[in-house]
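Colleague: Curious how this folds, go ahead:
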Amino acid sequence: MSETPSITGEKIWLDGQFIDWADAKIHILTHTLHYGLGVFEGIRCYRTADGRSAVFRLADHVRRLFDSARINLMEIPFGRKEIEEASLETLRCNGLEEGYIRPIAFIGEGAMGLNPGGNPIRVAVIAWPWGSYLGEDGMRNGIRAKISSFSRHHVNAKMTKGKTCGDYVNSILAKREALLEGYDEAIMLDVQGLVSEASGENVFVVRDGILQTPPLHSVLDGITRETVCELARLRDIPVEERPITRDDLYIADEIFLTGTAAEVTPIREVDHRTIGSGSRGPLTKLLQDAYFDVVAGRDADFERYLAYL
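Modeller: Take a look at the predicted model:
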């Protein structure tokens, strides 16, 4: 399985200007560092089939960044278009034809304690090369997952429509537990015991030709998730948002994960139960191929999702 490599680059966009990578530093009393209240996005840029570079669903990701900020009572001191252009320019400044983009808004130094008061809201955009999050072999042949002992956040304990920095401590605990036990990824249940998400991905189950995924009340409204649902419906594949139990996973014909980092990654085993044939299933492959056609600019119907450099 592929882990995030150490990353370096040339320039980082910070508070409206580009600075050298090595100079992108913050004060030790940065409020978000201590209390976790910040918001972020993960966005991908792909090398397209015609040799150009395009960011996938940039405007949708930036909109969600601003939605996350509003949920958390943070006022981002830039407009959405400014963050979109900063994302594109960060790729250009670092000479990246493909890569991962991380916009983040965080609370700067000033007051400490649980009320950040008038502390400034700071914004950065970083970009770096990043291949398959769960490994090339996992993309082709599937990964092994375990049901985590850690529950996903309750809908009223953590508002699920935002990508909030501190919420991902829950994901880190689940991911580390899975890795320590020899698995590649964790699947997390909600407090009712129903399937919620993986540590950083949405979950899809295939049973008797029907594509099933948990409803949005307890999971992040994933942009890749939405795209895959759209691709499935265009191919007359039934899509159901429904509660999924742990044993629904064990008897599934296919399972796959979706996310900006994970893209479309099949699962071949859950808790020592082989899923389907024990390899990437046919419907998973169909949707995986369709997704990569979209991000590579080979599907003219989805050209609207690409922002070219």
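Colleague: what's the lowest-mean-pLDDT helix or strand in the chain packed up against?
Modeller: When the helices and strands of the chain are scored by mean pLDDT, DSSP states H and E, helix 136-141 comes last with a mean of 88. Using 3 or more Cβ pairs under 8 Å, 6 or more residues apart in numbering; DSSP states H and E as the contact test, the elements touching helix 136-141 are strand 263-270. No exception for glycine: its C-beta is placed from N, CA and C like everyone else's.
Colleague: show me what contacts Ile267?
Modeller: Residues in contact with Ile267 (Cβ atoms under 8 Å, 6 or more residues apart in numbering) are Gly142, Ile143, Arg144, Ala145, Glu185, Ile255, Phe256, Leu257, Ile275.
Colleague: For these, give me JSON lines that also has neighbour count.
Modeller: Below are these laid out as JSON lines (neighbours: other Cβ atoms under 10 Å):
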{"residue": "Gly142", "neighbour count": "27"}
{"residue": "Ile143", "neighbour count": "24"}
{"residue": "Arg144", "neighbour count": "19"}
{"residue": "Ala145", "neighbour count": "26"}
{"residue": "Glu185", "neighbour count": "26"}
{"residue": "Ile255", "neighbour count": "30"}
{"residue": "Phe256", "neighbour count": "29"}
{"residue": "Leu257", "neighbour count": "30"}
{"residue": "Ile275", "neighbour count": "25"}
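Colleague: For burial, what's the neighbour tally of the nearest residue to Arg273 once chain neighbours are set aside?
Modeller: In this structure, Arg273 finds its nearest non-sequential neighbour in Tyr250, 4.6 Å apart by Cβ to Cβ, 6 or more residues apart in numbering. Tyr250 has 15 neighbouring residues, counting by other Cβ atoms under 10 Å.
Colleague: Could you tell me which ranges of the stretch 1-150 of the chain sit under the pLDDT cut-off?
Modeller: By pLDDT under 70, the weakly predicted segments of the stretch 1-150 of the chain are 1-6.
Colleague: what are the ranges of the strands in it?
Modeller: 11-14, 17-20, 38-40, 43-47, 53-56, 99-107, 121-128, 143-147 (DSSP state E, counting those that start in this stretch).
Colleague: TSV for those strands, including distance to Gly162?
Modeller: Below are the strands of the stretch 1-150 of the chain laid out as TSV (distance: least, Cβ to Cβ, whole Å):
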stretch	distance to Gly162
strand 11-14	22
strand 17-20	27
strand 38-40	6
strand 43-47	16
strand 53-56	20
strand 99-107	11
strand 121-128	15
strand 143-147	25
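Colleague: so what's Val125 up against?
Modeller: Counting by Cβ under 8 Å, 6+ apart, Val125 touches Ile12, Trp13, Ile83, Ala86, Ser87, Thr90, Ile101, Arg102, Pro103, Ile104.
Colleague: what's the residue nearest to it when sequence neighbours are not counted in contact with, if anything?
Modeller: The shortest distance from Val125 to any non-neighbouring residue, by Cβ to Cβ, 6+ apart, is to Trp13 (4.1 Å). Contacts here follow Cβ under 8 Å, 6+ apart; on that basis Trp13 touches Ala86, Glu89, Thr90, Cys93, Ala124, Val125, Ile126.
Colleague: same thing but at 7 Å, please
Modeller: Going by Cβ atoms under 7 Å, 6 or more residues apart in numbering, Trp13 touches Ala86, Thr90, Ala124, Val125.
Colleague: Could you report the separation of it from Ala24?
Modeller: Separation of Trp13 from Ala24 (Cβ to Cβ, to the nearest Å): 9 Å.
Colleague: re the thing from before, can you list contacts of the least confident helix or strand of the chain?
Modeller: For helix 136-141, contacts defined as Cβ under 7 Å, 6+ apart pick out Met1, Ser132, Asp184, Thr265, Arg268, Ser279, Arg280.
Colleague: Please repeat the previous calculation with a cut-off of 10 Å.
Modeller: With contacts defined as Cβ atoms under 10 Å, 6 or more residues apart in numbering, helix 136-141 is touched by 1-2, 131-133, 135, 143-144, 184-185, 257, 262-268, 278-280, 285, 288, 292.
Colleague: Phe204 is in contact with Ile255, correct?
Modeller: Yes: with contact defined as Cβ atoms under 10 Å, Ile255 reaches Phe204; the gap is 6.8 Å.
Colleague: which residues are in contact with both of those two?
Modeller: In contact with both Ile255 and Phe204: Gln212, Ile244, Pro266, Ile267, Thr284, using Cβ under 10 Å, 6+ apart.
Colleague: The second one reaches Ser196, doesn't it?
Modeller: Yes: shown here, Ile244 and Ser196 form a contact pair, counting by Cβ under 10 Å, at 9.1 Å.
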